[in-house]
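Enquirer: Sequence and predicted model, in that order:
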Amino acid sequence: MSTVIKPSFGDIPTTEVPLFRILNKEIVGFVGGVNITLTFHNYGYSATSGTVWLPWGKVWYGTTLSGDPIRGNISEAVLPFDVNGDGDTSDIFTVEYIDNKTALVDGATVYAMQIPEQIISYDDGAYAVYEKNNFTLGLKTHVLVRIRYKPDQGSGYAFFFLESFFRNHPSPNIQFTIEHIGESMSDLQTAEITNMELNGVSIPFEFNWVWHGPSDSQWLVGNEYVYPLGSLGNGAAFTVKLTITGDPGAYILWPIINWSPDGLHRYLFDVFEANYIPFAITGTAHREVNFEGETYPIDVFTNSTASPAIAFNSTAKEVSFDAIVYSEYGKQATYFWNISIPQTLITGNPWTITIGNETIPFFISTTNGTHTFLYFTYTYNQGWFTTSKISIKGTWAVPEITPNVLLLFFIITTLLASALRRRKQHNLK
């Protein structure tokens, strides 16, 4: 293990920085996507053109810090991910807190990129200054993004970008992250920016990167884009319009502005009104149930994320799946489902629909003679991404063919064949 760059606290510019606020925010959805328009205003100093480095990594990983000594760990098995490049995923690396800039990782000193003394809040947002620090474990390079510990609470955290690298980008730039919930590290991004307009002119992204990170027994998938902004003088306003398309589901968009006054330090500007913008893409999730050699297509028209698999229980006369939604803390968000179910699979008279442990009292049931269409809504306010089981129970379902039924069918078929042979023989006499 080695430390590439040690911290330098004395040469960081802290004055004459650009400051940004949101003047306008608009979200317009359409089937299969959404348009998000944001207008920013620089009411601080000019952000002149230059270069700013950004860190990129395969895995975003966090560990809690507690105890005496104050420790956490990086566990390969939790991910699973080969952190040090030795070919297995069973290693555990100790992370010991030293201060809000420094840690011991596997016994060696590591410095965080984020400088705690250089996190400055203002009316409309905050900026953080980063130094270009990284470290190695075995054959792989990583970065400690930030580390914090609160003695009064007896706990803290450390966040890492695992298997990371640095890359230079135009300064200033705007960086967009689309986040959604997946099931594993192998999940692909399900939404992408298909067009970005800067002040009415379409421009291509300068860089695109996808990362994964565990989050409360789930996986976050982050799809990031970087777009150059050019020089932004004092009083300058600029408008970005994103067209995002993808699979139906719940997403969040996180725009940040990156700038560097000297090419050595990264200034990350987080504008409060643009922090974690929730949006939903409406569309049809095509799913199917495979049962007793037959395939039954089930379409879910929704603005939530539907799990890839639909479960079917013939005995319980039930189909079920997981739905992932997003709601802001303290705010309500309503999601809907219109589910097409073949009547050869399951019918209801009446139907019973539950979300989690709550029965849905009102829903609309229609039919076209071959399929039942069930429409219902539910309002969430739990905050962050929430996964709920949606259960739909009917009063009849295609029965399971048990071994006894198969035996009976074989006996009946055999008897019928025997009877037909005897009849043919009798007719020949």
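Expert: Thanks, I have the structure now.
Enquirer: Arg266 is in contact with Ile256, correct?
Expert: No - in this structure, Ile256 is not within contact of Arg266 by CB atoms under 8 Å, at 10.5 Å. C-beta: built from backbone N, CA, C; applies to glycine.
Enquirer: Where do the helices of this structure begin and end?
Expert: For the chain, helices defined by DSSP state H occupy the ranges 403-428.
Enquirer: pLDDT weak spots in it?
Expert: 1-15, 402-429 (pLDDT under 70).
Enquirer: spatially speaking, which residue is in the middle of it?
Expert: His180 (2.0 Å; CA atoms, centre = their mean).
Enquirer: returning to what we had before: can you list residues touching both of Ile256 and Arg266?
Expert: Counting by CB atoms under 8 Å, 6 or more residues apart in numbering, Ile256 and Arg266 have no common neighbour.
Enquirer: Who are the contact partners of Thr305?
Expert: His180, Ile181, Thr190, Asp247, Pro248, Gly249, Ala250, Ala323, Ile324, Val325 are the contacts of Thr305 under CB under 8 Å, 6+ apart.
Enquirer: cutoff 7 Å now
Expert: Contacts for Thr305 (CB atoms under 7 Å, 6 or more residues apart in numbering) come out as His180, Ile181, Gly249, Ala250, Ala323, Ile324.
Enquirer: Next one: the nearest residue to Gly72 once chain neighbours are set aside from Phe81, what distance?
Expert: Closest residue to Gly72 apart from its sequence neighbours, by CB to CB, 6 or more residues apart in numbering: Thr63 at 3.5 Å. Taking CB to CB, to the nearest Å as the criterion, Thr63 is separated from Phe81 by 14 Å.
Enquirer: do Phe291 as well
Expert: For Phe291, the distance to Phe81 - CB to CB - is 36 Å.
Enquirer: When these two are compared, which one has more neighbours?
Expert: Phe81 (19 against 16; other CB atoms under 10 Å).
Enquirer: right, and the more buried one touches Thr89 too?
Expert: Yes - if you go by CB atoms under 7 Å, Phe81 and Thr89 touch, sitting 6.3 Å apart.
Enquirer: From the contacts of Thr305, list the buried ones, please.
Expert: His180, Ile181, Gly249, Ala250, Ala323, Ile324 (16 or more other CB atoms under 10 Å).
Enquirer: From these, pick the one nearest Trp396.
Expert: Of all these, Ala323 has the smallest distance to Trp396: 24.7 Å, by CB to CB.
Enquirer: Contacts only, for that closest one.
Expert: Contacts were defined as CB under 7 Å, 6+ apart; by that measure Ala323 touches Ser304, Thr305, Ala306, Ser388, Ile390.
Enquirer: Setting aside sequence neighbours, what's the nearest residue to Val226?
Expert: Nearest non-adjacent residue to Val226 (CB to CB, 6+ apart): Phe207, at 4.4 Å.
Enquirer: pretty sure the one you found is touching Pro228, no?
Expert: No - taking contacts as CB under 7 Å, Phe207 lies outside contact range of Pro228: 10.0 Å.
Enquirer: Domain map for this structure?
Expert: For the chain, automatic domain parsing gives the domain ranges 20-281, 283-397.
Enquirer: what distance separates the start and the end of stretch 72-80?
Expert: In stretch 72-80, first residue to last residue: 17 Å (CA to CA, to the nearest Å).
Enquirer: Enumerate the positions of that stretch that are buried.
Expert: So for stretch 72-80, counting by 16+ other CB under 10 Å, buried means Gly72, Asn73, Ile74, Ser75, Glu76, Leu79.
Enquirer: and the second one, what is it in contact with?
Expert: Asn73 makes contact with Thr63, Ile92, Phe93, Thr94, Val95, according to CB under 7 Å, 6+ apart.
Enquirer: What is the neighbour count of the first one?
Expert: Applying other CB under 10 Å, we find 19 residues neighbouring Thr63.
Enquirer: now swap in the third one and tell me
Expert: By the criterion of other CB under 10 Å, Phe93 has 19 neighbours.
Enquirer: I figured it hits Leu104, correct?
Expert: No - using CB under 7 Å, Phe93 is not in contact with Leu104; the gap is 10.2 Å.
Enquirer: could the buried residues of stretch 72-80 go into TSV alongside distance to Ile401?
Expert: Output for the buried residues of stretch 72-80, formatted as TSV (distance: CB to CB, whole Å):
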residue	distance to Ile401
Gly72	52
Asn73	50
Ile74	50
Ser75	45
Glu76	45
Leu79	42
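Enquirer: So which of those sit within strands?
Expert: Using DSSP state E, the members of the buried residues of stretch 72-80 that fall in strands are Gly72, Asn73, Ile74, Ser75.
Enquirer: what pairs with the second one across the strands?
Expert: Right, the one you point to is Asn73. Counting by DSSP bridges, Asn73 is bridged to Thr94.
Enquirer: and Tyr225, how far is that from Ser217?
Expert: 28 Å.
Enquirer: which of those two has more neighbours?
Expert: The residue with more neighbours, out of Tyr225 and Ser217, is Tyr225; 21 against 6, by other CB under 10 Å.
Enquirer: quick one, what contacts the more buried one?
Expert: Tyr225 makes contact with Phe176, Ile193, Phe205, Asn208, according to CB under 7 Å, 6+ apart.
Enquirer: rewinding a little: please flag which of the contacts of Ala323 sit within strands.
Expert: Thr305, Ala306, Ser388, Ile390.
Enquirer: How many residues are close by the nearest residue to the second one once chain neighbours are set aside?
Expert: Among residues not flanking Ala306 along the chain, Ala285 sits closest, at 4.2 Å (CB to CB, 6+ apart). The tally of other residues near Ala285 (other CB under 10 Å) stands at 22.
Enquirer: try Tyr251
Expert: 24.
Enquirer: my read: Asp86 touches Gly138, true?
Expert: Yes - with contacts counted by CB under 7 Å, Asp86 reaches Gly138, the gap being 5.7 Å.
Enquirer: How about the contacts made by the closest residue to Ala158 other than its chain neighbours?
Expert: Among residues not flanking Ala158 along the chain, Ile147 sits closest, at 4.3 Å (CB to CB, 6+ apart). Going by CB under 7 Å, 6+ apart, Ile147 touches Tyr97, Asn100, Ala103, Ala112, Ala158.
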